[in-house]
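Chemist: build me a structure from this.
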Amino acid sequence: MSDPIEDYALIGDGETAALVSRRGSIDWLCLPRFDSPACFAALLGGPEHGRFGLAPRDGSRSVRRRYRDDTLVLETDFETADGAVTVVDCMPQREGPPVVIRQVIGRRGSVPMRMELVIRMDYGSVVPWVRRSARGIHAVAGPDALMLTTDVPLRGEGLTTVADFPVAAGERRSLTLHWHLSHLPTPPPLDPEAAVRETEAWWRRWIGGCRYRGPDRDAVLRSLVTIKALIYEPTGGIVAAPTTSLPEQLGGVRNWDYRICWVRDATFALYALVLGGYLDEARAWRQWLLRALAGTPAQMQIMYGLGGERRLTEIELPWLPGYEGSAPVRIGNAAHAQFQLDVWGEMLDAAYAAERHGLERDPEGSRVISKLMEHLESVWTEPDEGIWEVRGPRRHFTHSKVMAWVAADRMVKMSEAADGAPTDRWRALRAAIHADVCRHGFDPARNTFVQSYGARDLDASLLMIPLVGFLSPEDPRVRGTVAAIERDLMVDGLVQRYRTASGVDGLPAGEGVFLACSFWLVDNLVLQGRHDEARRLYDRLLGLRNDVGLLAEQYDPRARRQLGNFPQALSHIALINSASNLSGALRPALHRAGR
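Modeler: Below you'll find the predicted structure:
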């Protein structure tokens, strides 16, 4: 059996990240980038697909984990019959090739430790050539090389590098794993003690710049650290998650690659970063968006690679059985070629929000936005695949049309102060879209907006209607929609995206509740003045975080397990925004909607 998704913690260096289990095993690591092939892929298979295990040899009585204050330096305490040790894991910020540092610190008694290093390049498919080096081993497979440096004696057992060694109270043992291109010289050795101290100090300096002083500050700080860890520092792009193919239903086929940057997350991420006081990261994210969108408006995509790459071809890896048998395992994402109207709204909304928060306007960005709007005029009446990237037929999704309205609305607001701007043209477009949505996307008999024109199904994305300012939260149609979602899309008090049994997405039915949607309901309850209910739901969501404060994309309220790729940027972004909406200070739900 695989470890539960929530049993993992995250470490990272600003260009990639690793998942460390409560059992002390690094079961997922892609090098040198988030989207590179994994050298440890046990998360999607078994130990034979690559892992880096480090734990007491004879098991432990108890395990307790934490991050060192507000950093990404992980400590795992193991209590055994023989004593106690702490394993420290981190990845120093990049000054060269990526490095993973693992230390064992003796706390009490003398604990026999076991290290097992199974290196399998290219997502668990390639066994490298391994040779001994001066202070460890050196493994090579094609373009990739890994070097393990340690003072612990190593030996080989069945294509695995192992070590058995005791750690007594007061003793320290270190294992340092370097990646480098195999045709280049090995990196120089580093001092692991100094590297851990410097990594901890780097994170303390970064989180020390946080301006958020509202309630739930610890949860907000952990979410900000998680988002920072998912920013690809060279470009400013934010990956949706550092993993691929963690399932939305155990044993199911809803398994997607999230090591990609979604345009849809633009405004949410911008607000979360600005609320934290991280304008440099917000500015870098906006600039990534502008660069990624280069091309004709008709070529605009819903997602791009870390550097703005467009070709994200989806393929399946048949040699990996998938997390708890959830196959297929996919890399790349075919949804990059879909047509989704909502990205126009997200792009324009992000640009407008950036200006309102004092980020300087980019002249080139203004020209890009104008061209995008000209194209939107001619395509907003077309059906699309929608926010959830359905793989069924295109429809006139109500949320998509609402976000097209957002694009026109933000264009009006940004062009009003510009000489010679065709503001009346954008006003007319805004009015036309608004009337169309209210006429075709609303069911007056049930007093609710619906998932798509002419349908009866509901969709949690309709919760965005008051959050983006399409209608006031006091509007009876909004209240009716929120009530309908609470009645028909709630499972154990949490929000589903939509009823998958409807077949709208062209996939077999079944998935968990979507955590970001549940946070959107919190925001709606705040806007309706239902503060006690909003607070209860928010506390419930905080309680779903794992022991180190991390959230996946979804949650199974029946099995009480996290589902989907992990940790999920959008879940943590929504957590921050909802905390601010509840705080009574700057409320994104009001600010974004212009109220």
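
Chemist: poorly predicted segments of the stretch 1-150 of the chain, please.
Modeler: 1 (pLDDT under 70).

Chemist: let me see the ranges of the helices in it.
Modeler: Ranges of helices in the stretch 1-150 of the chain, per DSSP state H, counting those that start in this stretch, are 121-124.

Chemist: can you pull the pLDDT of M373?
Modeler: M373 is assigned a pLDDT of 91 by the prediction.

Chemist: against V379, how distant is it?
Modeler: 11 Å (C-beta to C-beta, to the nearest Å). Glycine gets a C-beta too; all of them are placed from N, C-alpha and C.

Chemist: more neighbours: which of these two?
Modeler: M373 (22 against 14; other C-beta atoms under 10 Å).

Chemist: wait, a helix at that one?
Modeler: Yes - applying DSSP: H, G, I helix; E, B strand; the rest coil, one finds M373 inside a helix.

Chemist: surely it meets G345?
Modeler: No - the criterion here is C-beta atoms under 8 Å, and M373 misses it with G345 at 11.0 Å.

Chemist: list the contacts of L279.
Modeler: Contact analysis of L279 by C-beta atoms under 8 Å, 6 or more residues apart in numbering lists 273, 357-359.

Chemist: ok, which pair from those is furthest apart?
Modeler: Pairwise distances across the contacts of L279 peak at 12.9 Å for L273 and G358 (criterion: C-beta to C-beta).

Chemist: okay, now R254: neighbour count?
Modeler: That count, for R254 with other C-beta under 10 Å as the rule, works out to 20.

Chemist: contacting residues around it?
Modeler: 247-248, 507, 510-511.

Chemist: helix, strand or coil for T381?
Modeler: coil.

Chemist: and it, how far from Q562?
Modeler: 39 Å.

Chemist: more neighbours, the two?
Modeler: Q562 (27 against 13).

Chemist: could you dump the contacts of R254 to TSV with pLDDT?
Modeler: Output for the contacts of R254, formatted as TSV (pLDDT from 0 to 100):
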residue	pLDDT
P247	97
E248	96
L507	91
G510	92
E511	94
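
Chemist: can you list those in CSV and add neighbour count, secondary structure and distance to D492?
Modeler: Below are the contacts of R254 laid out as CSV (neighbours: other C-beta atoms under 10 Å; DSSP: H, G, I helix; E, B strand; the rest coil; distance: C-beta to C-beta, whole Å):
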residue, neighbour count, secondary structure, distance to D492
P247, 27, coil, 19
E248, 24, coil, 17
L507, 17, coil, 23
G510, 16, coil, 15
E511, 22, coil, 14
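
Chemist: max pairwise distance over those: which two?
Modeler: Farthest apart among these - using C-beta to C-beta - are P247 and L507, which lie 11.9 Å from each other.

Chemist: and for the residue nearest to A455 when sequence neighbours are not counted, the neighbour number?
Modeler: Spatial nearest neighbour of A455, chain neighbours left out: R395 (7.6 Å); criterion: C-beta to C-beta, 6 or more residues apart in numbering. Neighbour count for R395, taken as other C-beta under 10 Å: 18.

Chemist: give me the beta-bridge partners of R395?
Modeler: D384 (DSSP bridges).

Chemist: tell me the secondary structure at W319.
Modeler: coil.

Chemist: equivalent analysis for A418, please.
Modeler: coil.

Chemist: now Q249
Modeler: coil.

Chemist: skipping adjacent residues, who's closest to it in space?
Modeler: G510 is the one closest to Q249 (C-beta to C-beta, 6+ apart), at 4.4 Å.

Chemist: do V87 as well
Modeler: V87's closest residue in space is T76 (C-beta to C-beta, 6+ apart), at 4.6 Å.

Chemist: can you count the residues close to the one you found?
Modeler: 24.

Chemist: look up how far R68 lies from it.
Modeler: In terms of C-beta to C-beta, T76 sits 12 Å off from R68.

Chemist: please apply the same query to M411.
Modeler: From M411 to R68 the distance is 46 Å (C-beta to C-beta).

Chemist: who's more crowded, the two?
Modeler: Using other C-beta under 10 Å, the more surrounded residue of M411 and R68 is M411, with 27 against 16.

Chemist: the more buried one: helix or strand, and which one exactly?
Modeler: helix 398-415 (DSSP states H and E).

Chemist: and the angle from the helix or strand that that helix is followed by to helix 398-415?
Modeler: Downstream of helix 398-415, the next assigned helix or strand under DSSP H and E is helix 423-440. Interaxial angle of helix 423-440 relative to helix 398-415 (axes from the mean of the first three to the mean of the last three C-alpha atoms, to 10 degrees): 160 degrees.

Chemist: what residues of helix 423-440 count as buried?
Modeler: 423, 425-427, 429-430, 432-434, 436-437 (16 or more other C-beta atoms under 10 Å).

Chemist: redo the residues you listed as a markdown table? Include distance to D443.
Modeler: As requested, the buried residues of helix 423-440 are exported to a markdown table (distance: C-beta to C-beta, whole Å):
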| residue | distance to D443 |
| --- | --- |
| T423 | 33 |
| R425 | 31 |
| W426 | 29 |
| R427 | 28 |
| L429 | 25 |
| R430 | 23 |
| A432 | 21 |
| I433 | 19 |
| H434 | 17 |
| D436 | 15 |
| V437 | 12 |
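
Chemist: can you list contacts of stretch 311-320?
Modeler: So stretch 311-320 is contacted by 41, 44-45, 49, 123-125, 245, 257, 260, 303-305, 327-334, 336 (C-beta under 8 Å, 6+ apart).

Chemist: show me which residues of that stretch are buried.
Modeler: For stretch 311-320, by 16+ other C-beta under 10 Å, it's 312, 317, 320.

Chemist: for stretch 201-213, same thing?
Modeler: 202-203, 206-207, 210, 212.

Chemist: need the worst-confidence member of those residues.
Modeler: For those, the pLDDT minimum is Y212, 90.

Chemist: now do the same contact list for that one.
Modeler: Y212 neighbours (C-beta under 8 Å, 6+ apart): 220-221, 224, 275-277, 576, 579-580.

Chemist: ok, of these, which one's closest to A593?
Modeler: Out of the contacts of Y212, the member with the shortest distance to A593 (by C-beta to C-beta) is S580, at 14.0 Å.

Chemist: the closest one contacts R213, doesn't it?
Modeler: No - look at S580 against R213 with C-beta under 8 Å: they stay out of range, at 10.7 Å.

Chemist: sorry, back to before: ok, the residue nearest to V87 to W262 distance?
Modeler: Relative to W262, and taking C-beta to C-beta, T76 is found at 32 Å.

Chemist: for T176, grab phi and psi.
Modeler: phi -120, psi 120 (degrees, to the nearest 10).

Chemist: numbering from 216 from now on, please.
Modeler: Noted, 216 is the first residue going forward, which turns the last one into T391.

Chemist: surely it touches L363?
Modeler: Yes - counting by C-beta under 8 Å, T391 touches L363, with 7.2 Å between them.

Chemist: okay, those two: which has more neighbours?
Modeler: It is L363, of T391 and L363, that has more neighbours when counted by other C-beta under 10 Å, with 25 against 22.

Chemist: what's across from that one in the sheet?
Modeler: With DSSP bridges as the rule, L363 is bridged to I352, L392.

Chemist: residue contacts, it?
Modeler: 332, 351-352, 354, 369, 376, 390-392.

Chemist: any idea how far it is from V314?
Modeler: 11 Å.

Chemist: show me which positions of the longest strand seen in the chain end up buried.
Modeler: Identified as the longest strand of the chain according to DSSP state E is strand 314-333. Of the residues in strand 314-333, 314-322, 324, 326, 328-333 count as buried by neighbour count, 16+ other C-beta under 10 Å.

Chemist: for the stretch 416-565 of the chain, which segments count as strands?
Modeler: Residue ranges of the strands in the stretch 416-565 of the chain, as given by DSSP state E, counting those that start in this stretch, are 446-447, 452-453, 476-477, 518-519, 530-531, 545-546.
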